[in-house]
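Student: Just need the structure, nothing else, for what follows:
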Amino acid sequence: MFRLLILLLIAALLPLGSVAEAPVSFADDLTAVYTWPEGAPESEASYVYRCTYPQLAGDEAIAQTINNIYQYEVSYALDFDCPMNGSSHDPAEGQMQVDVTYEVTHLSSDHLSIRIDKEVTIGESCVRVVTAHTFPLTGERAGTVISLPYLLGVIKQGETDEWLIDRQTAKVDACARDMVWFLVERAMKQENSPIYPDMTLEEFEWGFYPEEDFFLDEEGNFVFFVQEGVIAPAEAGQFFFPVTLDELLDEL
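Tutor: A predicted model of the protein is given here:
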């Protein structure tokens with residue numbers, strides 16, 4: 001009975017695929033280019049930064065809230081990160097290029113999930129980093145980035161009890177981490193697996209943060225990601241582990 005009540009609660013919070021019309025639409029992307037020395041053509045610059053972020057259409061508060069998040073990302077990069085990285089980069093190492101792109105992984109009547117991919121190339125070497133933002137499109141926190149415990153409903157919107165917030169966050173993190181570790185161990189046993197054969201749970205914990213390291217896929221399932229270089233050599237790339245809502249609830 002208790003699990004049925006949780007399922008009913010989550011059903012009200014999580015997306016229902018494409019059954020209902022999404023309440024938001026997209027405007028033109030927010031793009032920017034920065035070169036160092038400042039103003040140098042990309043072909044001649046020692047440092048090149050390029051980014052593309054989403055922007056929502058309309059004047060509604062939710063659109064402005066989400067748009068402001070990505071406008072701030074661009075402003076911070078152009079005002080601080082780019083000048084610092086450009087001026088400190090040694091041109092003898094080859095041109096440094098930073099490319100930021102995005103993908104909308106889920107859009108429903110209740111949630112928008114966006115995956116951000118950052119690729120840093122210096123000469124022949126390349127490092128890739130993935131982050132993600134999931135936004136409620138209804139309720140008190142509409143338009144703000146939501147973490148896993150709130151998305152699952154184990155922490156209510158507006159909760160102020162810090163002890164409860166910390167307790168529930170730790171509980172959800174431990175549950176999701178154990179589930180993804182199980183998938184890592186299973187992948188580790190596959191033939192020709194690139195995953196470090198001596199990888200331990202303790203080492204894994206240092207490089208995986210389930211509270212934030214996830215996005216929703218098209219069907220509304222959770223996709224947890226592990227950065228490259230954490231559980232396998234960097235050349236193996238990033239790892240993505242899908243987990244359904246039912247699987248998470250079974251463990252919680």
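Student: just how off-centre is stretch 69-88 within its chain?
Tutor: The chain centre lies 19 Å from the centre of stretch 69-88; the measure is C-alpha atoms, centre = their mean, to the nearest Å.
Student: Using CSV, write down the CA coordinates of it.
Tutor: Written as CSV, here are the backbone C-alpha positions of stretch 69-88 (Å, rounded to 0.1, in the frame of the first residue of the first chain):
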residue,chain,number,x,y,z
ILE,A,69,20.3,30.6,-16.3
TYR,A,70,21.9,30.1,-19.7
GLN,A,71,22.4,33.8,-20.3
TYR,A,72,24.4,33.9,-17.0
GLU,A,73,26.4,30.9,-18.1
VAL,A,74,27.5,32.7,-21.3
SER,A,75,28.1,36.0,-19.5
TYR,A,76,30.3,34.3,-16.8
ALA,A,77,32.3,32.4,-19.5
LEU,A,78,32.9,35.5,-21.6
ASP,A,79,33.7,37.8,-18.7
PHE,A,80,35.8,35.4,-16.5
ASP,A,81,36.6,31.9,-17.8
CYS,A,82,37.6,32.9,-21.4
PRO,A,83,40.0,35.7,-20.5
MET,A,84,41.6,33.6,-17.8
ASN,A,85,41.9,30.5,-20.0
GLY,A,86,43.0,32.4,-23.1
SER,A,87,45.7,34.4,-21.3
SER,A,88,47.1,31.4,-19.4
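Student: average pLDDT for that stretch?
Tutor: Stretch 69-88 carries an average pLDDT of 97.
Student: how about it: buried residues?
Tutor: The neighbour-count check on stretch 69-88 (16 or more other C-beta atoms under 10 Å) flags I69, Y70, E73, V74, A77, C82, N85, G86 as buried. The C-beta positions use only the backbone N, C-alpha and C, and glycine is treated the same way.
Student: Show me what the helix or strand that contains E202 is packed up against.
Tutor: Element membership of E202 [criterion: DSSP states H and E] is helix 201-207. Counting contacts by 3 or more C-beta pairs under 8 Å, 6 or more residues apart in numbering; DSSP states H and E, helix 201-207 is packed against helix 162-188.
Student: Quick one: mean pLDDT over the helix it packs on.
Tutor: The average pLDDT for helix 162-188 rounds to 93.
Student: Which other helices and strands does that helix contact?
Tutor: Using 3+ C-beta pairs under 8 Å, 6+ apart as the contact test, the elements touching helix 162-188 are helix 148-152, helix 201-207, strand 222-226, strand 239-243, helix 245-251.
Student: Now render the ones you listed as CSV, adding mean neighbour count, mean pLDDT and distance to L164.
Tutor: What follows is these, written out as CSV (neighbours: other C-beta atoms under 10 Å; pLDDT from 0 to 100; distance: least, C-beta to C-beta, whole Å):
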stretch, mean neighbour count, mean pLDDT, distance to L164
helix 148-152, 22, 91, 10
helix 201-207, 12, 92, 23
strand 222-226, 21, 97, 23
strand 239-243, 17, 95, 24
helix 245-251, 14, 80, 19
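Student: F214: what's it in contact with?
Tutor: A132, T134, L148, A176, F222, V223, F224, F225 (C-beta atoms under 8 Å, 6 or more residues apart in numbering).
Student: ok but I114 is inside a strand, no?
Tutor: Yes - counting by DSSP: H, G, I helix; E, B strand; the rest coil, I114 is found in a strand.
Student: That one and A132, how far apart?
Tutor: Shown here: I114 relative to A132, a distance of 7 Å by C-beta to C-beta, to the nearest Å.
Student: Point out where the stretch 1-150 of the chain drops to low pLDDT.
Tutor: Applying pLDDT under 70 to the stretch 1-150 of the chain flags residues 1-22.
Student: 90 - rerun?
Tutor: 1-23, 123-124, 139-141 (pLDDT under 90).
Student: Cool, thanks, talk later.
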